[in-house]
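[1] Have a look at this prediction, sequence included:
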Amino acid sequence: MESKQEKPTTPFKPARLASSAALGALNEKYYRDLAGAKTEGRPVFWITSMAPIELVYAFDGIPFFPENYAALCSSRKVAEELCRAGEARGYAQELCAYALCIFGSMFEKKGAFGDAGPPAPDVLLATQGACATHPKWWEAMQRHFNCPMVIVDAAYVVDSDTLDDRYKKYLTAELKEAASQIARYTNKKLDMDKLREVVAFSDRASELWDEIDALRAAVPTPISQIDVFTCLFPLVTLKGTKAAVDFYVQLRDEIKDRVDKGIGFIPNERFRLVWDLFPVYHNMRLLNYFAEFGGAFVTDLYGNAFSGRLNPSDPFGSLAERYLSFFMRSASWGKAQLYKKRAQKYGVDGVVFHSNRCCRCFSAEQPDMGNILRDELGLPGMKFEANMVDPRGYDDAQVRGRIEAFIEMLEARKYPKQKGG
Amino acid sequence: MKPTEFYETYRNRHQLAERWKREGKKVLGYFCNYTPEELVYATGAIPVRIRGTTQNIDLADAHLPAFCCSFMRSALDQALKGRYSYLDGVVFPKSCDMTRALYSIWKRNIHLPYYYFLPVPGKQTDAAVEFFAEELRQFKESLEGHTGQKITDKSLKNAIRVYNENRSLMANVYKLGLGDAPPIPGSERYGICLAGVVMPKEEHSAMLRKLLEKPPTAAPSKKKVRLLVAGNTFEEIGLLQALEESGAEVVIDDLDVGTRYYGAPVDESAEPFRALADRYLRKVLCACKHPAQARVERMLELARQYRAKGTVMVIQKYCDTHLYDRPWIESRLKEEKMPVLVVDHSDTGWVGGKFKTMVQAFIEMLE
């Protein structure tokens, strides 16, 4: 901890998590199940993030998250080609690259694995929980697949203190209506016991995720941001299954063991950082570049966007509450409040803002958020531009240059005595 | 009354608003077609639409990424430069993601006495209308608290009547475009539309009455190509003038400060909150709330009524919800044998020459 970090010469690679093997197996099984869904007679739901995945599992369906899949396409380096194919159909390049990538895959029947892509949806399930563009994107897919679509509507509230019971009532009714539409489209009956069981698994996975997030407060922090993003997969796609719970028990135990033994994911942690917001899927190694200077990400909001506690004795009501309390919907000061709490608890030195060119919804308020954190907490921030999925136009050298300048500034702030040797 | 006087009024909107302020009136800004202005009007305050300009952006870039629409960037820039300092507050309805995000950015950086965020459902079901009607009752209470003026059943019904009357006068202005030689060019009609969103409705209506009493007579000229202009919003009126100079007549529009704003009256026989909720949720067909199909049907109906031979779709860059609909709308119009020219637009980076070359080729093809 004492010597000043020099510019690294060998790229940093964090120690592999033992739980990675289990994660890989879950991943494989999921894609096998997805590929076999049609022969097994299980309905395939293409769903937006923040949609009630618990309903999908309660109806014995298989959820497919186009967003997640686009991220996979990006990390497998096929996103650019697919985005271009989406653009060739008239969709503007500035649109959400998740959507463009999926449009490309859908029109060209090309997938992430050199295959024909995911099986077509039996039901499209969308919400406006994350952004107003989700229903538009889903609408375009509905025109292509000509299948039923269910949209769960909720009035958007930006100041949580204006939330009153009416919002919950409206949304609870929307969720029940969604369930009855799904029953009609899949020709199945909703089994309330099954829904309660799914909701209980979902709640438990979130509880474990929250525990893991709390463990990240340890010094040194036990898990890398890359691992956090990677380990999100079950919380997004398998939330509501026992498999997800089992995985997070294993992961929590492994992380807890690291904390108990004082093991950090980097050997020489010097700066504790927060990542805002989307990963850069085509360049996840960028996160390691911070580690090369002793920079460790200790928390983030994106990862926690997918956890939310539920109450199995009140499935619909608690699903509505989870949805309404989704912090990404709050105004900049609400989000900044969350960062403030975390900054203290996690001992944060700075914030890194990924200004995601294709996501106005969650990038627009970043400059203000940065100002709030700077003015009210004295927390420095750096910003860089990228597109989360599409590598075109990304200037790695420039971004790395910014990181170096940011680290230098943090160095001068945190270790002033060492300045100038 | 010359049609061009409306656009002059629009261009002087800040001076006008400052004058109303000196006269002791309250002026409340609002965004987007989903703010039920009748409620604001019923308090005696003057609702004015927040608009941008075509000028360079100087201050907004420190608060908003450049990959956002030029309308929102420009409006914020104007506010940061103090152009909107006369406002007694601003209302942001939940329409697109940008309107939602700009609420917090304005509220933090533009110091005005009142801000209101109006949740607007994304569906048009009966439950959604019921919910929105209740939301409007809350909005009413908030407005009363801020302005100190009670909104009575009588004042609200009067506001609805005043707004409906304005809508019906505007419908008559549009109808002038039905004939073979429309007396008011589309660019001037756009100026009339723009004026209506930045001045008291009864004054706009008085001007409209004068205009309609003795509408200008169209100068005999060679037959022009009748066009529908569709899209979201733009400040650059030169865009419509360029179409006209190239031999087109913009006989009808599907624009946000156009038929989407002035269409569909509020049902005066129904309970006012329910009637407002119904009108704003179900009859204002913006891409952010309505599927492309309903929008295409409306466009085709307008084109049929006004005998438009082609459509020019002008979409602001970075306007997500419209951009999602655009490819399918374009293909549907073509299926219906309607030639379409699609134009990317940015008010701050508009190049007249380039646009004119594009539209000339399009119009020649239609001739």
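    Ah, there it is.

[2] For the nearest residue to B:Arg209 once chain neighbours are set aside, grab the count of nearby residues.
    Among residues not flanking B:Arg209 along the chain, B:Leu169 sits closest, at 6.7 Å (CB to CB, 6 or more residues apart in numbering or on different chains). All C-beta atoms are positioned from the backbone trio N, CA, C, and that covers glycine. Look at B:Leu169: counted by other CB atoms under 10 Å in any protein chain shown, it has 22 neighbours.

[3] If you count neighbours, what's buried in the helix or strand B:Leu169 falls within?
    Using DSSP states H and E, the element containing B:Leu169 is helix B:153-175. Residues B:155-157, B:159-160, B:162-167, B:169-170, B:173-174 are the ones in helix B:153-175 that count as buried (16 or more other CB atoms under 10 Å in any protein chain shown).

[4] Give me the distance from that helix to the chain's centre.
    16 Å (CA atoms, centre = their mean, to the nearest Å).

[5] That one - contacts with which helices or strands?
    Applying 3 or more CB pairs under 8 Å, 6 or more residues apart in numbering or on different chains; DSSP states H and E, one finds that helix B:153-175 contacts helix B:37-42, helix B:186-196, helix B:201-213, helix B:259-262, helix B:272-282.

[6] which helices and strands does the next helix or strand after the longest one pack with?
    Downstream of helix B:201-213, the next assigned helix or strand under DSSP H and E is strand B:225-231. When contacts are defined as 3+ CB pairs under 8 Å, 6+ apart, strand B:225-231 sits against helix B:238-245, strand B:248-254, helix B:292-305, strand B:310-316.

[7] Out of the ones you listed, flag the one nearest A:Lys176.
    With CB to CB, the closest approach to A:Lys176 among the helices and strands packed on strand B:225-231 belongs to helix B:292-305: 25.6 Å.

[8] Any stretches of the stretch 101-250 of chain B with poor pLDDT?
    B:220 (pLDDT under 70).

[9] let's see 80
    Within the stretch 101-250 of chain B, the stretches with pLDDT under 80 are B:218-222.

[10] Pull up the residues of it that are close to chain A.
    By the rule CB under 8 Å from any CB of the partner chain, the part of the stretch 101-250 of chain B lying against chain A is B:101-105, B:107-109, B:117, B:119-123, B:127-128, B:131, B:134-135.

[11] could I get the helices and strands packed on helix B:153-175 as TSV with mean neighbour count?
    TSV is the format used below for those (neighbours: other CB atoms under 10 Å in any protein chain shown):
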stretch	mean neighbour count
helix B:37-42	26
helix B:186-196	24
helix B:201-213	17
helix B:259-262	22
helix B:272-282	22
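
[12] can I get those helices in JSON lines with distance to A:Asp300?
    What follows is these, written out as JSON lines (distance: least, CB to CB, whole Å):
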{"stretch": "helix B:37-42", "distance to A:Asp300": "41"}
{"stretch": "helix B:186-196", "distance to A:Asp300": "44"}
{"stretch": "helix B:201-213", "distance to A:Asp300": "49"}
{"stretch": "helix B:259-262", "distance to A:Asp300": "40"}
{"stretch": "helix B:272-282", "distance to A:Asp300": "36"}
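
[13] looking at these, which is closest to B:Leu333?
    The closest of the helices and strands packed on helix B:153-175 to B:Leu333 is helix B:259-262. By CB to CB, the value is 16.5 Å.

[14] For the closest one, name the packing helices and strands.
    Checked by 3+ CB pairs under 8 Å, 6+ apart, helix B:259-262 has helix B:153-175, helix B:186-196, strand B:248-254 packed alongside it.

[15] cutoff 7 Å now
    The criterion is 3 or more CB pairs under 7 Å, 6 or more residues apart in numbering or on different chains; DSSP states H and E, and the helices and strands that helix B:259-262 contacts are helix B:153-175, strand B:248-254.

[16] State the pLDDT value of B:Lys21.
    Note on B:Lys21: pLDDT of 97.

[17] so which helix or strand takes in the residue in chain B that chain A sits nearest to?
    Per CB to the nearest CB, B:Pro327 is where chain B lies closest to chain A, at 3.1 Å. Using DSSP H and E, B:Pro327 sits in helix B:320-335.

[18] which element follows that helix toward the C-terminus?
    That would be, after helix B:320-335 and using DSSP H and E, strand B:340-345.

[19] List of residues touching that next one?
    Surrounding strand B:340-345, the residues in contact under the criterion CB atoms under 7 Å, 6 or more residues apart in numbering or on different chains are B:234, B:311-317, B:326, B:330, B:333-334, B:355, B:358-359, B:362.

[20] Quick check: closest non-adjacent residue to A:Tyr30.
    A:Thr237 (6.2 Å).

[21] And what about the spatially most central residue of chain B, helix, strand or coil?
    Geometric centre of chain B, nearest residue: B:Val257, 1.9 Å, by CA atoms, centre = their mean. What DSSP: H, G, I helix; E, B strand; the rest coil gives for B:Val257 is coil.

[22] Contact partners for it?
    Counting by CB under 7 Å, 6+ apart, B:Val257 touches B:Cys193, B:Leu194, B:Val197, B:Thr233.

[23] what's the distance between it and B:Thr43?
    Relative to B:Thr43, B:Val257 is positioned 23 Å away (CB to CB, to the nearest Å).

[24] and if you look at A:Trp46?
    Taking CB to CB, one finds A:Trp46 at 46 Å from B:Thr43.

[25] next one: B:Leu281
    22 Å.

[26] Next: B:Cys32.
    When B:Cys32 is compared with B:Thr43 (using CB to CB), they lie 19 Å apart.

[27] hang on, the earlier thing: relative to strand B:248-254, how tilted is the helix holding B:Leu169?
    Between the axes of helix B:153-175 and strand B:248-254, defined by axes from the mean of the first three to the mean of the last three CA atoms, to 10 degrees, the angle is 150 degrees.

[28] Which residue comes closest to A:His134 once chain neighbours are left out?
    Per CB to CB, 6+ apart, closest to A:His134 is A:Thr48, 4.5 Å.

[29] quick one, phi psi at the one you found?
    Note on A:Thr48: its backbone torsions stand at phi -80, psi 160 [degrees, to the nearest 10].

[30] count of residues packed around it?
    Neighbours of A:Thr48 using other CB under 10 Å come to 25.

[31] From what I see, it and A:Pro121 are in contact.
    No. Counting by CB atoms under 7 Å, A:Thr48 does not reach A:Pro121; the two are 12.0 Å apart.

[32] Could you find the closest non-adjacent residue to the residue in the stretch 51-200 of chain A that chain B sits nearest to?
    Closest residue of the stretch 51-200 of chain A to chain B, CB to the nearest CB: A:Gly90 (3.1 Å). Nearest non-adjacent residue to A:Gly90, counting by CB to CB, 6+ apart: B:Pro327, 3.1 Å away.

[33] Measure how buried residue 292 is and give me the count.
    Went with chain A since none was named. Other residues lying near A:Glu292 total 20 when counted by other CB under 10 Å.

[34] actually it's chain B I care about, not the one you picked
    Neighbour tally, B:Ala292, other CB under 10 Å: 23.

[35] pretty sure it is touching B:Asp325, no?
    Yes. With contacts defined as CB under 7 Å, B:Ala292 counts as touching B:Asp325 at a distance of 3.9 Å.

[36] Could I get the pLDDT score of B:Gly352?
    Looking at B:Gly352, its pLDDT stands at 83.

[37] So which elements touch the helix or strand in which A:Tyr323 is found?
    For A:Tyr323, the host element (DSSP H and E) is helix A:315-324. For helix A:315-324, the packing partners by 3+ CB pairs under 7 Å, 6+ apart come out as helix A:165-186, helix A:192-215.
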